[in-house]
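1. how would this look folded up:
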Amino acid sequence: MYKRSQNKYKMPLFYCEYSILDHARTDCMTYFGGMTAEDDARDLGGKIELLGRWSTVGEATGCCVCRAPDARALNDWLYNWVPMATCVVWPVLDDNQARKLILARHHKKPAYEVSYASVGNTPSEGESLYWIKYKFHADKRKDGFDAFAHLTEEEDSKDAGRNQVLGRWHNLGLGSGVAICLSKSEEDLFNWAYNWADMCNCEIKPVVHDDECRAVIQGKPDFAKKQQALIAKMSH
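-> Modelled structure (predicted):
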């Protein structure tokens with residue numbers, strides 16, 4: 001669904017959290033719910049590479065991860081949504097970038113690379129998508145990042161347990177980060193979080209992918225009526 005860059009050069013990586021303004025909830029959800037793949041492409045303007053976007057419909061919030069050539073292009077895209085939502089953005093590192101940077105301080109190099117090829121995956125039957133936000137305790141930031149960076153590939157896989165990690169991104173400046181995963185049970189989720197309980201807080205929320213979100217919105221009996229009213233309002 002999303003554009004994937006095949007260029008050797010990778011554009012800067014950004015993480016965004018959005019919150020729909022209270023007065024704009026109906027219009028924003030109706031507008032987004034009716035968007036097609038072509039509408040998404042026009043919205044991104046040919047410059048933004050959207051890696052994934054996930055929503056918490058009940059809170060009218062969500063997050064996305066993208067690449068942009070520069071801050072101007074990023075803000076040009078976000079401006080499309082300013083009348084309807086507040087968007088807060090941070091530069092982030094993926095697992096491979098963060099591990100390389102941290103291990104360099106120990107004069108080491110990563111022994112493996114994490115694949116992000118599944119970042120846009122949707123749930124199979126019995127699975128749900130989850131948005132995990134972590135933040136290391138103030139006195140555990142360095143220890144926490146060092147522990148992460150020194151995990152072997154086997155240890156990293158064992159740490160996540162039966163959760164399928166689709167992507168993980170880190171803000172070394174704030175001692176925080178996010179992960180998106182697929183999971184079948186709350187026990188699996190909290191077993192993973194508990195591994196890090198001494199070092200950080202983990203906030204876990206169920207989310208839906210764009211396709212699921214739009215299916216939810218379009219599935220409501222009054223969607224067509226709301227969409228027609230919004231089109232009429234926007235045409236004036």
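2. Check the contact between Tyr134 and Ala197; I expect there is one.
-> No: in this structure Tyr134 lies outside contact range of Ala197 using C-beta atoms under 8 Å: 10.9 Å. Glycine gets a C-beta too; all of them are placed from N, C-alpha and C.
3. Out of these two, name the residue with the larger neighbour count.
-> Between Tyr134 and Ala197, counting by other C-beta atoms under 10 Å, Tyr134 is the more crowded of the two (21 against 10).
4. Quick one: mean pLDDT for the helix or strand hosting the more buried one?
-> Secondary structure assigned from DSSP states H and E places Tyr134 in strand 128-136. Strand 128-136 shows a mean pLDDT of 98.
5. Give me the buried positions along the longest helix seen in the chain.
-> Assignment by DSSP state H gives helix 223-234 as the longest helix of the chain. Burial within helix 223-234, assessed by neighbour count using 16 or more other C-beta atoms under 10 Å, is assigned to 223, 226-227, 230.
6. what's Val208 in contact with, if anything?
-> 54-55, 57, 129, 216 (C-beta atoms under 8 Å, 6 or more residues apart in numbering).
7. And the helix or strand harbouring it, how far out from the chain middle?
-> Under the criterion of DSSP H and E, Val208 resides in strand 200-209. Between the mean C-alpha location of strand 200-209 and the chain-wide mean there is a distance of 10 Å, by C-alpha atoms, centre = their mean, to the nearest Å.
8. Which residue, other than its chain neighbours, is closest to the residue positioned nearest the centre of the chain?
-> Nearest to the mean C-alpha position of the chain, by C-alpha atoms, centre = their mean, lies Cys64 at 3.9 Å. Leaving aside its chain neighbours, Cys64 sits nearest to Arg53 (3.8 Å; criterion: C-beta to C-beta, 6 or more residues apart in numbering).
9. in what helix or strand does the one you found lie?
-> Per DSSP H and E: strand 49-56 holds Arg53.
10. Would you mark the buried spots in the very next helix or strand once past that strand?
-> As assigned by DSSP H and E, the chain's next helix or strand after strand 49-56 is strand 61-67. Within strand 61-67, the residues scored as buried using 16+ other C-beta under 10 Å are 61-67.
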